[in-house]
Each structure stands twice: as structure tokens, then as C-alpha cells.
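In: what's the 3D shape of this:
(one chain, ligands or ions: 2)
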Amino acid sequence: MSMGHEVRYRVRGGRQLHGTVFIQGAKNAVLPMIGASLMAAKGRTVLRNVPIIEDVRRAVELARALGAKAELHETERTLVIDASSLSSPVLPAEIASRFRGSFLFVPALLHRLGEAVIEGVGGCNLGSRNLDFHYNGFKRMGATVTEHVADNGDGIIHIKAGDLRGGTLYCDTPSHTGTENLIMAAALAHGTTLIKNAALEPEVLDNIAILQAMGAKIGGGGTGFITVEGVDELTAVEHTVMPDRIDAGVFVMAAAITGGDLSLVGASLEHLGVAADKLEQMGVDFNQQGAVLQVRRERTLRPINVITDEYPGFATDLQSPIMALSCLAEGPSYIYERIFDGRFKLADELGKMGADIEVDGNRAKVNGPGALRGAEVEAHDLRCGSALVLAGLAAEGETTITSAYYLDRGHAHTAERLSQLGAEIVREAD
Ligand SMILES: CC(=O)N[C@H]1[C@@H](OP(=O)(O)OP(=O)(O)OC[C@H]2O[C@@H](n3ccc(=O)[nH]c3=O)[C@H](O)[C@@H]2O)O[C@H](CO)[C@@H](O)[C@@H]1O
Ligand SMILES: C=C(OP(=O)(O)O)C(=O)O
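Out: Residues are numbered from 1 along each chain as shown. Ligands and ions are numbered 1, 2, ... in the order given. Got it, this is the predicted structure:
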């Protein structure tokens, strides 16, 4: 992926973190909401608590490339979208291939323009990441999907909507964006849709909430069986994006890896699912006080067993961060990655910092405890990046993290927020 510029983080380890940190709005909630806002043929959608991350900047560029008006007010963390002028069905590769969430714009294009042309879909490279549940669902609703090869050799996918009608749809496994895309496609389709094996993630529920406010008729959110009764139009609304549970999880682990204590504004123990229990077993103390989650780690870190799963299981996006944390645990930790087949490149990077990790397919054994030392390491994907920042916070000496655009895809103001808590970290871009 071409970045345009190189982003690096430099971290000097050894400082305990203390203080209060604001958890950003959720990346995986705001991206489908931007897609949803493009379904409103008139009016302006106002999204609040928008995380100022690279994926949101790309989504704004993409919305504009499609003809919508989109203004990101960074200080106010507010995004205003007027999709009345939506005019192009083409998701151009140079923007869309930089983030996975671009595919969440497809339902709006199908309903508003009758077609979508996909030149590329991006996101973190985590092994095979198929979209068959999405395509199969669109097809069952009456769309046709064709693929041809462009002059430059790239595959281009053309979806023609025809007259989308409700039906019985399913996900083979409860896909997060797959569920969101099928709900959005069904929201303006004729008739009723049933989606079986739907995802239960809190971000899916937040997306259902904004769609309901827009006028969509959706039932069964959070149960695995979602019903959608198609309506004729959706109206623009104002909505506040939920807090990012992965950002929260990373700050919990920043407290844990440095032996500090933090107040996380907006973090919810419930949204952490099984990750909260695993962190507690490792030695983290939690105290939920309304919408502020207090965390501290005073005890020795104990080793852990992690199996990633769909919500409320252990989130795959927190798997890399907990691998970094488990390097310091008193004994061997076992990690089984069930969602993505290419998410262990981090092990080699942590190895450069002195960690002892054995990888066998989708299973890893982290032989703790081992002291981490600063090194030059590469963020191969977003969560690899956040894990390396955590490792850097605990390492002796300086850690330089390159390819850190990936980290900026999903975390806002990382260096500023950590510095305020006492960390020594700077971001450099050239
Ligand atoms: C923008 C966004 O919300 N990204 C999140 C979303 O990604 P995303 O929605 O892409 O993840 P999915 O839940 O769809 O993918 C889970 C698994 O299902 C497979 N699959 C998925 C769809 C499909 O049509 N066919 C198929 O085989 C994938 O290859 C993967 O192995 O959920 C992931 C899992 O919680 C998170 O890591 C990502 O941060
Ligand atoms: C895999 C991730 O995101 P995306 O689906 O946007 O690539 C992630 O957030 O770690």
C-alpha cells in the first residue's frame, strides 16, 4: 500500500502511566454510519464524537469522490454530510483500497444510483479477507455481480442493483461489516428481510440505532436474527458515535504493561466482553464508575490463555495488544487466533525487542517473562502498531515504530494522549 509519507513513532520505555484519558469514538461504528448517511437523499447528517483517524479522513475523501458534501470539523470532532448530490457509483482504488470500511458505502450506491463499481477494497492485510457473504446477500436481494479485468490488470467488480427486494439472508460466520452491509441494503429494499447469524458487536447495534433514527425498521439487533422491513426513504439525523472499545482496551493494557493507573473516560467494561475477564485474570483491577472506567495494575502479571472470537468473545483487534502484554507475564501464555489467518507478524517484531514467541499456524505461545528492550520495529497492520507502542512503553531504551500510518488508521492523537499520562512518545512524519 502506498502511504504518501512515512510515519514513525519513537517511544522511550519505563514510565508508569497515570491520569485521565479520553477514549475516542469508535472507528468501526463511524465508518458504517458514514455509509448510512449517504443513503439519505436530502438533508444533512451530523455525526458527533468522530475519531480523528486516517480511516475517517479517507472516508471523507471517498464520500466527496462520490459527489457528496462532507466536512470534518476536527476540533469539534463533528462530521457533517450532505449526500443529496451523490453522483458517482465508482469507489476509486486510490482511496478505497486504503481502508476496509470503503465497502460499507456500497448499499448507499446501490439504492441511490442503482449500481456500485468497486475498483479496490482495502484495510489491514490480515491474510484472506473475503467479501462473499456481502456479495451473496446482495445477489439474494436481486443484484447482479460481475467482475472484469481493467487495462492495468486489476479486477473491477460491478454490482447492479435492479430492484432490491427483501429475502432470507445469512452470514456463514457472524461478519461484522457483512451484517452492517446487509442491514443497510435491506433498509431501503422492498419487503422484509431476515438476516441469520448476524454479528452482535456493539458497533453493529450503534449502526442499527442511527438507521432506526433515520426511519429504518429493524428488529432483533443483538440476537443473531435481524429483521428489516424496507421503507421508502431515510432521513438525515444527528447521532453521537459510541466510544471505541478497542482504543479503551489498548489504554487498559497501557496501564497494565507499565504498572500504572488510569481513568478511561467513556470506556465500558461490558463492551470489552471476555477481554475484561482475561485482563482481570492477568492482574488488572477494574472499577467502573458510571461512564468512567478506572484501571490499575499493582500485582505481578499472570500468564493467559486467549481464544479470539466474535463479540462478546475476545476481540481479534485486542489480540496483538495482549500478545505484547503477555511477554511480561510470569509464565507461558497461549493465544489462538480464530478470526484472521495472517495476524501474527507481530511475533517477529516483538522478537526483535527480546520476546520469546513460538508461532504455529494460528496459535502462538508467548514464553514470559522476558525483559523487553528498545529496537527498530515495523507496524505491519493497525493492531500490530498499537501492540508495538505498548511494548515500547515497557521496554528499556528507545523503540522506533515504522509504517505507523497503520496505527494512525485507527487511533487518534496517540502520542498526545500517552504523553499526557507520562509516557515519552513522539510522532514523526516525513
Ligand atoms: C471496518 C470494520 O468494522 N472492521 C472490523 C471488522 O472487519 P470485517 O467486517 O472485515 O470482519 P468480518 O467479521 O467480516 O470477518 C471475520 C472473518 O470472516 C471472514 N469473512 C468475512 C466476510 C465474508 O464475506 N467472508 C468471509 O469469509 C473473514 O475473512 C474473516 O476471517 O470486524 C473484524 C473482526 O471483528 C475487525 O477486526 C475489524 O476491525
Ligand atoms: C482489521 C482492522 O480494521 P479494518 O477492517 O478496517 O482493516 C482493525 O481495525 O484492526
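
In: Follow the chain on from the helix or strand hosting F286 and name the next helix or strand.
Out: Using DSSP states H and E, the element containing F286 is strand 284-289. Going down the chain from strand 284-289, the next helix or strand is strand 292-297, by DSSP H and E.

In: Buried residues in that next one, which are they?
Out: 293-297 (16 or more other C-beta atoms under 10 Å). Backbone N, C-alpha and C define where each C-beta goes, glycine included.

In: thinking again about what came up before, okay, now the sheet partners of the strand holding F286, with direction.
Out: Strand 284-289 sits in its sheet next to strand 292-297 (antiparallel), going by DSSP bridges.

In: Is any residue of the following helix or strand past the strand it pairs with near ligand 1?
Out: Using DSSP H and E, the helix or strand that follows strand 292-297 in sequence is strand 305-307. No - on the criterion C-beta under 6 Å from any ligand atom, strand 305-307 is out of touch with ligand 1, staying 13.7 Å away.

In: ok, which stretches of the stretch 101-250 of the chain are strands?
Out: Here the stretch 101-250 of the chain has its strands, by DSSP state E, counting those that start in this stretch, at 115-118, 144-149, 155-160, 168-170, 192-196, 217-219, 225-229, 238-240.

In: show me the contacts for T235.
Out: 40, 42-43, 214-215 (C-beta atoms under 8 Å, 6 or more residues apart in numbering).

In: Point out where this protein drops to low pLDDT.
Out: 1-4, 122-128 (pLDDT under 70).

In: domain parsing for it?
Out: For the chain, automatic domain parsing gives the domain ranges 7-24+244-429, 27-240.

In: Need the residue in the protein that's farthest from the chain's center.
Out: Note on the chain: the largest C-alpha distance from the chain mean falls to D151, namely 32.7 Å (C-alpha atoms, centre = their mean).

In: Check the gap between that one and S88 for me.
Out: D151 is 20 Å from S88, where distance means C-beta to C-beta, to the nearest Å.

In: do the same with M39
Out: 16 Å.

In: Of those two, which one has the most company?
Out: Using other C-beta atoms under 10 Å, the more surrounded residue of M39 and S88 is M39, with 27 against 13.

In: ok, now which ones touch the more buried one?
Out: 83, 107-108, 111-112, 184, 187-188, 214, 234.

In: Phi, psi for it please.
Out: With angles defined as degrees, to the nearest 10, M39 sits at phi -80, psi -20.

In: got it, and G166?
Out: Torsion angles at G166 (phi, psi; degrees, to the nearest 10) stand at phi -70, psi 160.

In: Show the contacting residues for A267.
Out: Contacts of A267 by C-beta under 8 Å, 6+ apart are 23, 243, 245, 248, 251-252, 292-293.

In: now G155: how far from I304?
Out: Separation of G155 from I304 (C-beta to C-beta) stands at 41 Å.

In: nope, S326 is what I meant
Out: Distance, S326 to I304, by C-beta to C-beta: 6 Å.

In: Any figure for the gap between A26 and ligand 1?
Out: 9 Å (C-beta to the nearest ligand atom, to the nearest Å).

In: Leaving out sequence neighbours, find the closest residue to that residue.
Out: Distance criterion C-beta to C-beta, 6 or more residues apart in numbering; nearest residue to A26, sequence neighbours excluded, is D244 at 4.0 Å.

In: what does L62 give?
Out: Closest residue to L62 apart from its sequence neighbours, by C-beta to C-beta, 6+ apart: I95 at 4.7 Å.

In: same deal with I52?
Out: Closest residue to I52 apart from its sequence neighbours, by C-beta to C-beta, 6+ apart: A412 at 4.6 Å.

In: Return the residues in contact with that neighbour.
Out: With contacts defined as C-beta under 8 Å, 6+ apart, the neighbours of A412 are 24, 51-53, 247.

In: Would you format the residues you listed as TSV with secondary structure included?
Out: Converted to TSV, the contacts of A412 look like this (DSSP: H, G, I helix; E, B strand; the rest coil):
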residue	secondary structure
Q24	coil
P51	coil
I52	coil
I53	coil
D247	helix
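
In: Do you have the strands of the stretch 251-400 of the chain handy? List them.
Out: Counting by DSSP E, counting those that start in this stretch, the stretch 251-400 of the chain has strands at residues 261-265, 284-289, 292-297, 305-307, 332-336, 357-360, 363-367, 376-378, 398-402.

In: Could I get those strands in JSON lines, plus columns for distance to Q16?
Out: Listed next are those as JSON lines, based on distance: least, C-beta to C-beta, whole Å:
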{"stretch": "strand 261-265", "distance to Q16": "8"}
{"stretch": "strand 284-289", "distance to Q16": "14"}
{"stretch": "strand 292-297", "distance to Q16": "10"}
{"stretch": "strand 305-307", "distance to Q16": "25"}
{"stretch": "strand 332-336", "distance to Q16": "22"}
{"stretch": "strand 357-360", "distance to Q16": "25"}
{"stretch": "strand 363-367", "distance to Q16": "22"}
{"stretch": "strand 376-378", "distance to Q16": "22"}
{"stretch": "strand 398-402", "distance to Q16": "17"}
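
In: And the ones you listed: which comes nearest V274?
Out: Across those, V274 has its closest neighbour in strand 305-307 (8.6 Å, C-beta to C-beta).

In: Quick one: name the residues of the stretch 251-400 of the chain near ligand 1.
Out: Proximity of the stretch 251-400 of the chain to ligand 1 is confined to 316-317, 339-340 under the rule C-beta under 6 Å from any ligand atom.

In: What about those, which one has the most neighbours?
Out: Counting neighbours by other C-beta under 10 Å, the top entry in these is D317, with 26 neighbours.
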